Structures are given as C-alpha cells and as structure tokens.
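[1] Predicted coordinates and the sequence they were generated for:
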Amino acid sequence: MNRDALAKRRRALKLGIVLTRSSTFSAPSRIRLDGAWHTLDLPDEHGVDVAFMEILLADTYGLERVRNAGTILDVGEHAGLFVLAAHRTHPRARIHAYEPNPALAGHLARNAAPTGAEVHLEAIGVEDGHGTLEHAEESVNTRVIEAAGGDVKVTSFRTAVDRLGGRVDFLKLDCEGAEWPLFDDAEPWAGVQNVGLEYHGDGERAVAALERLGFTVSAAGRGPYGIVLAERR
C-alpha cells in the first residue's frame, strides 16, 4: 500500500470510518468529531461522495501542511465538508464559510454546527453586489453569475478578509471559475498566508496569479482543472 493510501486510511479511522478495497466509495452517514459521533446531512449525489474522499480523506486542499492556523476562510463551501475538515485539522481556528446556494443552507448549517464555524449564505466577488445561480446537474458545480438584479448576495473578497481581522491563515478558494477576478484586487491578498485553490480554466495562469501576489507555489495541477497549493513567501 502506498503512502497516500495509508494516509487516507489513517484519516478515515480518526473519523470512525473503515475503508475497504472496493473501487467505489459513498460518504458515510456519520463521523467521529471531537470524540463524539456527528450525524451528517449531505445531498445524495455522486459529486458529494467524491468531495468527501478528496476533502476529508485525501486532504486535497493541503490543510495538514499548515500549522496552528488561527483563521480559515472557506470560499465556495457547498454542504460543510471542508468546514469539518478544517475543524478536525485546526480545532481552535476561527472559520468563516461562504456558500451562495440556498438549497444547501440546511445541509451546511447542520454539518457545520459542531465546528462553531460562522456561515455566510453569500457569494464572494471583487465588489459587493448581487448575482444569480447557474445550476448544474451536480450541486457541487453550481456557480454564481454576477447580475445587478440577482437574488444572491455577493460580498467582496476584501470584506470577507476584514471580517477575520485582516489576516487569513488559510484560504480555501473553490468558486467554479469566479476566482479569476479576485486576483486583480491585490490589497486583501496581503493578509492571506496559505492557499488551497481549485482553479477552473488554466493551471499555469493560476500559478502565475498567485506568484504575482507574493506566494510560493508548492503543488499545482495541470490542464483546465486542478488544485494549487501555495504559501506566502
């Protein structure tokens, strides 16, 4: 068994999950968190099963690379899986999670409850404003399109950072292609120390954007979709 597989099994056992050799995986109905069982409330979708494996078992966003994170900003949360992973890895951290899809509000509230995370039912953009949801077959792929008359509240990235006191020890950014305009406002990025970014469109462009903002990239995917991990120089 390789190192990655062993790490997944180790993380699974800490959550009270026993991984089998089966090629398929379904998200469990409950996990152990802070020494107690916590019932999960997740949409019944294949994408959620994949997200559980990637976020909680594979540590795709690199939470374990960061030590003693005091503030965590989660942009594009979905149903609460990253919040659970962030709390498990950094139990004393102050976590702010942003998710604009109202259909996920109940799932997110129930899953995030034991973590103490502050949940904002808002999208993140360059400026405060409004947008509309562009739904996809899988809710993990739903995204927000900015629109003046939209019913989704858009909060500026600058405001989100300010709400955490101007310093973000770890930023998870996954907003289905809406990440690109955020790179143009450099000032709030000065308070961000570590990044786990899921990019959509161009890996080299994502790396260049983070390097321009003063980050060192430690891992990067290739092609039109992937993960970039970076830390401030």
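    Yep, that arrived. Numbering: from 1, shown residues only.
[2] Neighbours of residue 75, how many?
    25 (other CB atoms under 10 Å). Where you see a C-beta, it was placed from the backbone N, CA and C, and this is true even at glycine.
[3] any idea of the pLDDT on it?
    For residue 75, the pLDDT comes out at 98.
[4] Report the separation between it and residue 215.
    16 Å (CB to CB, to the nearest Å).
[5] And for residue 62?
    On the measure of CB to CB, residue 62 and residue 215 end up 13 Å apart.
[6] again with residue 21
    Counting by CB to CB, the gap from residue 21 to residue 215 is 38 Å.
[7] any idea which residue sits dead centre in the chain?
    Relative to the mean C-alpha position of the chain, the nearest C-alpha, by CA atoms, centre = their mean, is the one of residue 172, at 4.4 Å.
[8] What ranges does this structure have for its strands?
    30-33, 36-39, 71-75, 94-98, 118-120, 123-125, 129-134, 143-146, 152-156, 170-173, 194-200, 215-220, 225-232 (DSSP state E).
[9] Distance from stretch 11-19 to the middle of the chain?
    21 Å (CA atoms, centre = their mean, to the nearest Å).
[10] just stretch 219-233 next, same as before
    14 Å.
[11] what is the rounded mean pLDDT of that stretch?
    Regarding stretch 219-233, the rounded mean pLDDT is 91.
[12] and that stretch, how far apart are its ends?
    14 Å (CA to CA, to the nearest Å).
[13] Keeping just the C-alphas, turn the lowest-mean-pLDDT helix or strand in the chain into CSV.
    Every helix and strand of the chain was ranked by mean pLDDT, DSSP states H and E. The lowest is strand 143-146, at a mean of 85. Only the C-alpha atoms of strand 143-146 are listed here, as CSV (Å, rounded to 0.1, in the frame of the first residue of the first chain):
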residue,chain,number,x,y,z
ARG,A,143,-21.8,28.8,-9.7
VAL,A,144,-22.9,32.4,-9.4
ILE,A,145,-23.0,34.8,-12.3
GLU,A,146,-22.9,38.5,-11.2
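[14] which of the residues in it are buried?
    143, 144, 146 (16 or more other CB atoms under 10 Å).
[15] Might one say that the last one is in contact with residue 134?
    No. In terms of CB atoms under 8 Å, residue 146 does not count as a neighbour of residue 134; the distance is 10.9 Å.
[16] what residues do those two have in common as contacts?
    Counting by CB atoms under 8 Å, 6 or more residues apart in numbering, residue 146 and residue 134 have no contacts in common.
[17] still on that earlier bit, of all the strands of the chain, which lies closest to residue 184?
    strand 123-125 (11.1 Å; CB to CB).
[18] Does anything pack onto the lengthiest helix in the chain? Which helices or strands?
    Secondary structure of the chain per DSSP state H: the longest helix is helix 3-14. With contacts defined as 3 or more CB pairs under 8 Å, 6 or more residues apart in numbering; DSSP states H and E, helix 3-14 has no helix or strand neighbours.
[19] Buried ones in it, by neighbour count?
    The neighbour-count check on helix 3-14 (16+ other CB under 10 Å) flags 8, 11, 12 as buried.
[20] tell me the contacts of residue 189?
    Residue 189 neighbours (CB under 8 Å, 6+ apart): 183, 213, 214.
[21] out of those residues, who has the most neighbours?
    When neighbours are taken as other CB under 10 Å, the top entry among those is residue 183 (19 neighbours).
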